[in-house]
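Asker: dropping a prediction and its sequence here:
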Amino acid sequence: MEGDGIKVAKLGEKEYKECEDQVSHLALDIGGSLIKIVYFSSSSSCSSDDQKHGILKDGIDTSSGNLNYKFVTGRLHFVKFETSKISECIKFISSKSLHHYGDQDDEDPASDKSIIKVNFSRLDKVDEMSCLVAGANFLLKAVQREAFTYMNGQKEYVQIAHEDLYPYLLVNVGSGVSMIKVDGDNEFERVSGTSVGGGTFWGLGKLLTKCKSFDELLELSHQGNNRVIDMLVGDIYGGTDYSKIGLTSTTIASSFGKAVSENKELEEYRAEDVARSLLRMISNNIGQIAYLNALRFGLKRIFFGGFFIRGHEYTMDTISVGVHFWSKGEAKALFLRHEGFLGALGAFRNYEKNGFTDVTHEFMEQHSSKAKSSFCTGDGLQSSTHADVKDNGCIECRVQVRN
Ligand SMILES: Nc1ncnc2c1ncn2[C@@H]1O[C@H](COP(=O)(O)OP(=O)(O)O)[C@@H](O)[C@H]1O
Ligand SMILES: CC(C)(COP(=O)(O)O)[C@@H](O)C(=O)NCCC(=O)O
């Protein structure tokens, strides 16, 4: 597990142990850059609220009244790995016994290879776009304080009524970018995309700055100044605005444009400034294409997902300002706390279709009406208000499972 992930696993060990003993459902999203895992583990403990109401016995809620189903309390875990480090991911799956869920036969624990092989041959493949949409719809309906706007340093959570959710544009910024018009549950159309996405930022950034990790590149961009390399409107018009066509002097006229005339070598630019210009160029471009597609279909809300966003303030700010500027304030850019896990969550929900379990219904009610969601991170269990689920974490929930 990379970066903070290790911290989460170690610091949260006590929490994890409690709920990891019974992993029952697992979904994997193997992307071009990252592997995302969502899994459910039932816990034998129960929240004080549930104890008060006396409805839980050994983590099983017997109050549903339907003998075919039981409610199981537990946690939905979110974990990610770099795709190039798939062996770490396999080790993690093995170490947590995630691969044993639903097993009928005993497998030889000494042979990781055969376990994984057996497992992968049992994997159900599900369509990526429908998983992205299912994951986004699920989060937007089920999890409180999931969507938020971010502009000029201000983060504001937005709660959207179920009946007011559709239509919207979902922009998933992974290695590449997919733009999907969502009209309802499983009603969607991929309307556009661009190959200039997260992979482009990380790939070009790696070549230009010699950064060794995505986080390092992001951190570097934080300290940079894009005006050193970008050609601004003011650079062209003697420091003044071009107000006749609505351009201020500080608007970027040409990303990386200054490098043309300055005759400097790459080494003469600060890596921080290069990273900043690159992030700005890609975020602006995505924001602009997203807005044009929203305009095409008259959509007012644009949700941005994918791990490129990474909850990074400057990225979100750039996208938001772009959408606001181009739409003259008509359209809104919204971000998701579980941005990178849409596909994996959607795949997880696919269990329903196979008749194994109904994860959604009770989970949704729990989150939306009782507002009992809580997130565990490296710091242990936290209230959902303060938790940041950028990397790995988990949500407490109840699922309805067939007996
Ligand atoms: N630790 C990381 N390693 C690599 N890329 C990362 C990392 N964190 C964020 N990213 C960004 O996220 C992108 C991948 O996003 P993701 O939604 O997982 O897409 P994919 O499904 O294509 O892997 C990368 O191209 C990169 O821009
Ligand atoms: C091919 C993909 C759907 C794969 O998804 P990803 O792993 O990038 O999240 C995506 O990279 C994409 O939509 N690329 C843009 C292709 C295009 O429309 O030009």
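Answerer: That came through, no problem. Residues are numbered from 1 along each chain as shown. Ligands and ions are numbered 1, 2, ... in the order given.

Asker: for the stretch 1-150 of the chain, which residues are neighbours of ligand 2?
Answerer: For the stretch 1-150 of the chain, the residues in contact with ligand 2 (Cβ under 6 Å from any ligand atom) are 31-32. C-betas here are computed from N, CA, C, even on glycine.

Asker: nearest to ligand 1: which residue in the stretch 1-150 of the chain?
Answerer: residue 31 (1.9 Å; Cβ to the nearest ligand atom).

Asker: so what's the residue count around the residue lying closest to that residue once chain neighbours are set aside?
Answerer: Taking Cβ to Cβ, 6 or more residues apart in numbering, and ignoring the residues beside it in sequence, residue 31 has residue 174 as its nearest neighbour in space, at 5.5 Å. For residue 174, the count of nearby residues is 24 (other Cβ atoms under 10 Å).

Asker: now do the SS call for residue 399.
Answerer: Secondary structure for residue 399, judged by DSSP: H, G, I helix; E, B strand; the rest coil, is strand.

Asker: quick check: it vs ligand 2, distance?
Answerer: Distance of residue 399 to ligand 2, computed by Cβ to the nearest ligand atom, to the nearest Å: 27 Å.

Asker: now do the helix or strand hosting residue 137: which elements does it pack against?
Answerer: Assigned by DSSP states H and E, residue 137 belongs to helix 128-142. Counting contacts by 3 or more Cβ pairs under 8 Å, 6 or more residues apart in numbering; DSSP states H and E, helix 128-142 packs against strand 168-173, strand 177-184, strand 187-194, strand 301-305, strand 332-336, helix 342-349, helix 360-368.

Asker: quick one: contacts of that helix?
Answerer: Residues outside helix 128-142 that contact it (Cβ atoms under 8 Å, 6 or more residues apart in numbering): 29, 146-147, 160, 162, 165, 170, 172, 178, 180, 182, 185-186, 188, 190, 303, 305, 336-338, 341-347, 349-350, 360, 363-364, 367-368.

Asker: change it to 7 Å
Answerer: Residues outside helix 128-142 that contact it (Cβ atoms under 7 Å, 6 or more residues apart in numbering) are 146-147, 160, 162, 165, 170, 172, 178, 180, 182, 185-186, 188, 190, 303, 305, 336, 338, 341-343, 345-347, 349, 360, 363-364, 367-368.

Asker: please apply the same query to stretch 24-40.
Answerer: 23, 42, 74, 76-83, 86, 89, 98, 101, 174-175, 198-199, 307, 340-341, 343-345, 347-348, 351, 357, 399.

Asker: all helices for the stretch 1-150 of the chain, in order.
Answerer: Along the stretch 1-150 of the chain, counting by DSSP state H, counting those that start in this stretch, helices occupy 4-11, 13-20, 48-53, 86-95, 112-121, 128-142.

Asker: average model confidence for the last one?
Answerer: Right, the one you point to is helix 128-142. For helix 128-142, mean pLDDT is 95.

Asker: can you list the residues of the chain near ligand 1?
Answerer: So the chain meets ligand 1 at 2, 31-34, 82, 174-175, 198-199, 201-202, 214, 306-308, 310, 340 (Cβ under 6 Å from any ligand atom).

Asker: now which of these would you call buried?
Answerer: Buried members of the residues of the chain next to ligand 1, counted by 16 or more other Cβ atoms under 10 Å: 2, 31, 33-34, 82, 174-175, 198-199, 201-202, 214, 306-308, 310, 340.

Asker: lowest-pLDDT helix or strand in this structure?
Answerer: Least confident helix or strand, the chain: helix 4-11 with a mean of 22, by mean pLDDT, DSSP states H and E.

Asker: show me what counts as buried in stretch 79-86.
Answerer: Quick answer for stretch 79-86 (16+ other Cβ under 10 Å): 79-82.
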